[in-house]
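Asks: Here is my input; please provide its structure:
(2 chains)
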Amino acid sequence: MKSTIYPRLASDSMKKNHRLYVPFLLASSGMVLIFYILSYLSHSPLIRSLRGGSDLASIMNFGSLVLALFSGIFLFYTHSFLLRRRKTEFGLYNILGMDKRSLAHILVWETLIITGVSLLLGGLGGILLAKLAEASLLRLVKSDISFTLKVDLPALLSSGAVFAVIFGLILLQSLLQISRTNPIDLLHSQAVGEKPPRSNWILAVTGLLFLGAAYYLALSIKDPIAALAWFFIAVILVIAATYLLFIAGSVTACRQLQKHKAFYYQKQHFVALSSMTYRMKRNGAGLASIAILCTMVLVMLSSTVCLYAGTEDILCTRYPREVIVSASLSQAQSANDTYWTDLTSQLLTASDQLALTPENQLDYQYVYGSGEISGDQLSLKKANDTTVPTDSLISVIILPVEDYNQISGADLKLESGQAMIYTNRLTYTAAELQINQAVTLQLTQRLDSADTLKDIRVITEASGYSPELVLVVPDYASLIRQLQQSLTGTEPADLYLGRIMAFDVAGSDSAVAEKQLLSEWQPQLDSLVSQSGGRLSSLTAEAVATERNYYYSTNSGMLFIAVLLALVFVLATVLIMYYKQMSEGYEDQSRFAIMQKVGMTPQDIRQSINAQILTVFLLPLLTAGLHLAFAFPMLQKLLLLFGLSNRRLFVSVTLLSFAVFAVFYALIYRITSRAYYHIVSARPQT
Amino acid sequence: MNVLEVRSLKKIYSTRLGGNQVQALRQVAFSVEAGEYVAVMGESGSGKTTLLNILAGLDQPTSGQVLLEGQDLGQIREKDLATFRRDHLGFVFQDFNLLDTFTIEDNIYLPLVLAGKSYEVMHSRLQPLAQQLAISPILSKYPYEVSGGQKQRAAVARALITGPRLILADEPTGALDSHATDELLALFSQINQQGQTILMVTHSVKAASRAGRVLFIKDGVIFHQLYRGLSDDEQFYQKITDSLTLLTTGEGRR
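Replies: Numbering: from 1, shown residues only, chains lettered A, B, ... in the order given. The predicted model follows:
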């Protein structure tokens, strides 16, 4: 008998409070579901079999970690709201003679029920949807799909374990709270006289300063990788500022307005302003969380959608032709040197055997190095790590004029000692350029800056991230020799002498043939290097077809994670909003009943409610929009690192994500504010 | 002239499924003249609160009429009712009904703000009232910071500031200690002497004994009424007690 009473009490009270518990259960089930899917995908053999699949799997793994952390924090936060509502009930039980041990029993059972339901619903849903998720991920990766529904036991176990720990911690916290309070406190915990919110100038101004500093950082950081620490500081400052401004700043602003008597004592401001003050004090933290979650969703969605949509763009920048053979040379080759043409024609016989027709052929050599510019002096330097761009170093690329004319179709004529200059993300206006104090070039021609490196269709080692300086010169081989000589003796610099032969393959569906060609070439390449007598130091061949899979698997993996995390964040936003509306509804109910007695017309009440609700609705959305706007330059730079330089695409994707999100947010708000109206309009009988 | 006239008021509540019908008010008729101080007495469930809600226009009678200043409450449209209530009636409640989000001062201003008065007007109206009710020092405090008696005096100020024709008081002493009760009753007598019409619903004999007339309500009818006449507070108290004894023991006899 005694053993069944606790589970019954627990389940009864949950049923009675279904308005509170159902959303909580749905949210926690949703989180279990998404966690299961992520951990399922992270060791799905199908995913691992893809090219770049292990990267994809580790992205999923990372995503599940983030999710676990977030779920923990979020469920903790919302459960404390539930507990606050339940305290009266516990106080009553306590007075009716139930000791704290028994209350603890009820709480334990309640947690067991919550955990059970969440794991059951989330697990079942996860099993059903995991295959769908896998299929859509594979589709994003542009791979073939095969369907089999199966249960992944390790994923199920890890979801169970993670959420059991989270709910265990929540239980622990509830038990602690119950044990600390006495019955009378429990009984009246909902009706504590609340101190009027006071303006806190210090916090409000600190919030403003933080926000200003964060925005300044966001706009001024030129290089988010080199200044990674600053980047994180900016993110943390934004979060702190959002909380400070929502909690303290809003109250201070309301208070200031209240001091303005002619403004305050007006019918439409009087009630709205005074209750806003309290509302912001109580819900400032919740609203700030909503604003931050919204920002996160927007940032994640816009950047990953953009990255995914821009994958072809990135591929096109990095691989202007479908098949690329690149060599690293030890000496610059003069224009009449036939070594390279012999070598490439030898390679192209293989393509003849495969019945491939090369077209749009490119063939050029170039020098790539990094250096620093001061005045009209360019000094070539050794870059510590070519993959990580640093603040001051720029990429220097030198092309022979004949090759430039060949690839661009231009007819550029340069005298000895002259050069054409093209710069990207860098301005250089002097008429001369001296390199390492050894070579002086007259910059007689300039390429319009509207063109990009991509338009010249030059493939180099340039990261596509640091500023680029391209020089087109005559007498290429002798100039490079001069440069190399100037470097010996002084500090070493890396001059990478490259040679590229690239072509498209005729026919639209040539991916298979390209891969075949690569595997045909592979054994030849090494022997060609060893036979070159030191002329070549390396020779590699790439095909876009194989790279495409790789790019798609990482970019789509990120998109996929972003969508799932966005789902979770939106879920969290919905729940926070719902609880906020509920709690405000209960608080405002009696207040509006009084106002009606004192002579406020129902229209006045509705107007006042609408004004407040609209403000509370718009604030987080506008804040998120503002944050996004200021984060935009930084995000753009980050995307550059991934090789995406299409600004138009990013702007439109961001605006579109914001618009879609705003519509979705409005929908959520409409639904949750119904709960509020429902509570407020129920007139309590006194 | 009668400030308030109630004609054969009837109120029937039906339970939600329409099965049981409860007659809260069967046949209530009385009138209140200008400057009168009337107490309505009755036990819990006698229909006091129903009556007060109908008088305030918060509830509709099943049949009968309520005339305030000759104006039939039933004829006033729903959306104008709140305005009418605000301009002609003042309320004092048992549980004060002060808004915890406002200071005492702002609570008192509330009806005037809703009526669209300027701050200067409200401020000049409040000064004499605050003086009389001795609440000047607590004006800037919040309701939870002051005592029950002070809260009730603030509520009285809120009721008086619009200059209403009639004050409706619902168990105004119900939540007060004896000291605060005495103070409040003295205050009511004082404002009544200044010409304010008051209708007070109560089941405290002490409170009723300060009124000029007491109506006894039982099972939804006005059962009996007593005029103070020339008796002082204590004699009147005795008369009320006697009537109450008769009312509760002698079933149905008048």
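Asks: can you tell me which helix or strand residue 5 belongs to?
Replies: Since you didn't name a chain, this refers to chain A. Element membership of A:I5 [criterion: DSSP states H and E] is helix A:2-16.
Asks: nope, chain B
Replies: B:E5 belongs to strand B:2-14, assigned by DSSP H and E.
Asks: so which residue of the stretch 1-150 of chain A comes closest to chain B?
Replies: A:R84 (17.9 Å; CB to the nearest CB). Backbone N, C-alpha and C define where each C-beta goes, glycine included.
Asks: Tell me the pLDDT of that residue.
Replies: Note on A:R84: pLDDT of 77.
Asks: on contacts alone, who are the packing partners of whichever helix or strand comes after the strand holding B:E5?
Replies: Going down the chain from strand B:2-14, the next helix or strand is strand B:21-33, by DSSP H and E. Packing contacts for strand B:21-33, counted by 3 or more CB pairs under 8 Å, 6 or more residues apart in numbering or on different chains; DSSP states H and E, involve strand B:2-14, helix B:48-55, strand B:197-202, strand B:221-227.
Asks: Deepest-packed of these, please.
Replies: Highest mean neighbour count of the helices and strands packed on strand B:21-33: strand B:197-202, a mean of 24 (counted as mean count of other CB atoms under 10 Å in any protein chain shown).
Asks: That strand near chain A anywhere?
Replies: No: on the criterion CB under 8 Å from any CB of the partner chain, strand B:197-202 is out of touch with chain A, staying 13.2 Å away.
Asks: Strand partners (parallel or antiparallel) of that strand?
Replies: strand B:37-41 (parallel), strand B:166-170 (parallel) (DSSP bridges).
Asks: avg pLDDT for the last one?
Replies: Taken as a whole, strand B:166-170 has a mean pLDDT of 91.
Asks: and if you look at stretch A:127-145?
Replies: Average pLDDT, stretch A:127-145: 76.
Asks: Equivalent analysis for stretch A:381-388, please.
Replies: Rounded mean pLDDT across stretch A:381-388 is 55.
Asks: Could you do stretch B:53-66 as well?
Replies: Mean per-residue pLDDT for stretch B:53-66: 86.
Asks: Could the C-alpha coordinates of it be exported in PDB?
Replies: Extracted in PDB, the C-alpha atoms of stretch B:53-66 (Å, rounded to 0.1, in the frame of the first residue of the first chain):
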ATOM      1  CA  ASN B  53     -21.500  43.200  -7.400                       C
ATOM      2  CA  ILE B  54     -24.800  44.100  -9.000                       C
ATOM      3  CA  LEU B  55     -24.700  47.600  -7.600                       C
ATOM      4  CA  ALA B  56     -21.200  48.000  -8.900                       C
ATOM      5  CA  GLY B  57     -22.300  46.900 -12.400                       C
ATOM      6  CA  LEU B  58     -19.800  44.000 -12.200                       C
ATOM      7  CA  ASP B  59     -22.700  41.500 -12.400                       C
ATOM      8  CA  GLN B  60     -26.100  41.600 -14.100                       C
ATOM      9  CA  PRO B  61     -29.300  41.000 -12.200                       C
ATOM     10  CA  THR B  62     -31.700  38.300 -13.500                       C
ATOM     11  CA  SER B  63     -34.500  40.800 -13.100                       C
ATOM     12  CA  GLY B  64     -35.200  44.200 -11.400                       C
ATOM     13  CA  GLN B  65     -33.500  47.500 -11.700                       C
ATOM     14  CA  VAL B  66     -30.700  49.500 -10.100                       C
END
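Asks: most packed of the strands paired with strand B:197-202?
Replies: Mean neighbours per residue, mean count of other CB under 10 Å, is largest over the strands paired with strand B:197-202 for strand B:37-41, with a mean of 25.
Asks: Need the contact partners of that strand.
Replies: With contact meaning CB atoms under 8 Å, 6 or more residues apart in numbering or on different chains, strand B:37-41 is reached by B:32, B:48, B:51-52, B:188-189, B:192, B:197-203, B:205, B:207-208, B:210-217, B:240, B:244.
Asks: Pull the distance from whichever strand or helix holds A:T423 to the chain's centre.
Replies: For A:T423, the element it lies in under DSSP H and E is strand A:418-424. Chain-centre distance of strand A:418-424: 36 Å, with CA atoms, centre = their mean, to the nearest Å.
Asks: Mind giving me the packing neighbours of that strand?
Replies: Packed next to strand A:418-424, using 3+ CB pairs under 8 Å, 6+ apart, are strand A:439-446, strand A:468-473.
Asks: how about a markdown table for those strands, with distance to A:I421 added?
Replies: A markdown table is the format used below for the helices and strands packed on strand A:418-424 (distance: least, CB to CB, whole Å):
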| stretch | distance to A:I421 |
| --- | --- |
| strand A:439-446 | 5 |
| strand A:468-473 | 6 |
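Asks: re earlier: distance to A:G599 added to the helices and strands packed on strand B:21-33, as CSV?
Replies: As requested, the helices and strands packed on strand B:21-33 are exported to CSV (distance: least, CB to CB, whole Å):
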stretch, distance to A:G599
strand B:2-14, 18
helix B:48-55, 15
strand B:197-202, 17
strand B:221-227, 28
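Asks: Output the lowest mean pLDDT helix or strand found in the chain.
Replies: Assuming you mean chain A. Every helix and strand of chain A was ranked by mean pLDDT, DSSP states H and E. The lowest is helix A:453-456, at a mean of 54.
Asks: right idea, wrong chain: chain B
Replies: helix B:78-88 (a mean of 80).
Asks: Now for the closest residue to chain A within chain B: which residues touch it?
Replies: For chain B and chain A, the shortest gap (CB to the nearest CB) falls at B:R86, measuring 2.7 Å. Contact analysis of B:R86 by CB under 8 Å, 6+ apart lists A:V598, A:G599, A:M600, B:P111, B:L114, B:A115, B:T162.
Asks: Next up, phi/psi of the second one, please.
Replies: Phi and psi for A:G599, reported as degrees, to the nearest 10, are phi 120, psi 20.
Asks: Would you quantify the distance from it to chain B?
Replies: Here A:G599 is placed at a distance of 3 Å from chain B (CB to the nearest CB, to the nearest Å).
Asks: In space, what's closest to that residue - neighbours in sequence excluded?
Replies: Nearest residue to A:G599, sequence neighbours excluded (CB to CB, 6 or more residues apart in numbering or on different chains): B:R86, at 2.7 Å.
Asks: any idea which helix is longest in chain A?
Replies: helix A:544-598 (DSSP state H).
Asks: if I've got this straight, A:A327 is in a strand?
Replies: Yes: applying DSSP: H, G, I helix; E, B strand; the rest coil, one finds A:A327 inside a strand.
Asks: Helix or strand: which one has residue 132?
Replies: No chain in the question, so chain A it is. Per DSSP H and E, the secondary structure element for A:L132 is helix A:100-140.
Asks: if you could check chain B rather than the one you did, that'd help
Replies: According to DSSP H and E, B:Q132 maps onto helix B:119-133.
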